[in-house]
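1. 3D model of this:
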Amino acid sequence: MKALLAIIHRDLLLVMRRKSEVLTALFFFVVVTSLFPLGIGADAALLRKIAPGVLWVAALLSTLLGLHRMFAADYQDGSLEQLVLSPQPLALLVTGKIIAHWIVCGLPLVLLAPIIGIQFDLDAGSLYVLMGTLLLGTPVLSLLGSIGAALTLGVRGGSVLLSLLILPLFIPVLIFGAGAVYAHSVGLDTSGHFSLLGALLILALAFVPWVSTAAVKIAIE
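-> Modelled structure (predicted):
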């Protein structure tokens, strides 16, 4: 646990020295979600209908903006090779980097979502559902994104390739996350959507760190 906490603390400190990168993703999320109400107009019914999809797509793309930095800086300065050679399990260290990425790129979206949701005239219940789905879904995005970030280490044009590799994997999270908010807004039960998001999170936690670890080792070799 000390190694896990140490790698999270280290990555968060490094992020604080590059605040502009974090603010860019958050600014992108706020701007994209704010432009839709301005462009569509004051039709409250239409705004409520499109809100789940717009918010979730913006959250997905904002998360995608920061994925290539998960391992890239450590790969370039040699720190990643030292992590591979350390006596601590590499899967544990990779998990710490994924958690740090979620804290920086995913958690702020969860906290911003209610404020943005008000622009789409979402009621309090829908805002709670939106926050719940983001709380379950954004860690899955970070976990799945770590696979692409590891596979594209050292590859020219890695950011574009990362998007092509990871976006298809993000689609189930997008469907169930946006579907839960829409289902609540029309009076349907959302427990199925939350159960599926929870199942995706458990599966991702169980398998993705090991897959990302193998991809990191391949990139180092």
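
2. what's the neighbour count on Asp189?
-> 10 (other Cβ atoms under 10 Å). All C-beta atoms are positioned from the backbone trio N, CA, C, and that covers glycine.

3. quick one: contacts for it?
-> Ala183 (Cβ atoms under 8 Å, 6 or more residues apart in numbering).

4. what kind of secondary structure is it in?
-> coil (DSSP: H, G, I helix; E, B strand; the rest coil).

5. Could you pull out the helices in the protein for me?
-> Ranges of helices within the chain are 2-16, 19-40, 44-65, 69-77, 79-85, 90-101, 107-119, 124-151, 158-185, 191-220, based on DSSP state H.

6. got JSON lines for these, with mean neighbour count and mean pLDDT too?
-> As requested, the helices of the chain are exported to JSON lines (neighbours: other Cβ atoms under 10 Å; pLDDT from 0 to 100):
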{"stretch": "helix 2-16", "mean neighbour count": "15", "mean pLDDT": "83"}
{"stretch": "helix 19-40", "mean neighbour count": "14", "mean pLDDT": "83"}
{"stretch": "helix 44-65", "mean neighbour count": "20", "mean pLDDT": "87"}
{"stretch": "helix 69-77", "mean neighbour count": "18", "mean pLDDT": "79"}
{"stretch": "helix 79-85", "mean neighbour count": "15", "mean pLDDT": "80"}
{"stretch": "helix 90-101", "mean neighbour count": "22", "mean pLDDT": "88"}
{"stretch": "helix 107-119", "mean neighbour count": "18", "mean pLDDT": "89"}
{"stretch": "helix 124-151", "mean neighbour count": "23", "mean pLDDT": "91"}
{"stretch": "helix 158-185", "mean neighbour count": "19", "mean pLDDT": "86"}
{"stretch": "helix 191-220", "mean neighbour count": "17", "mean pLDDT": "90"}
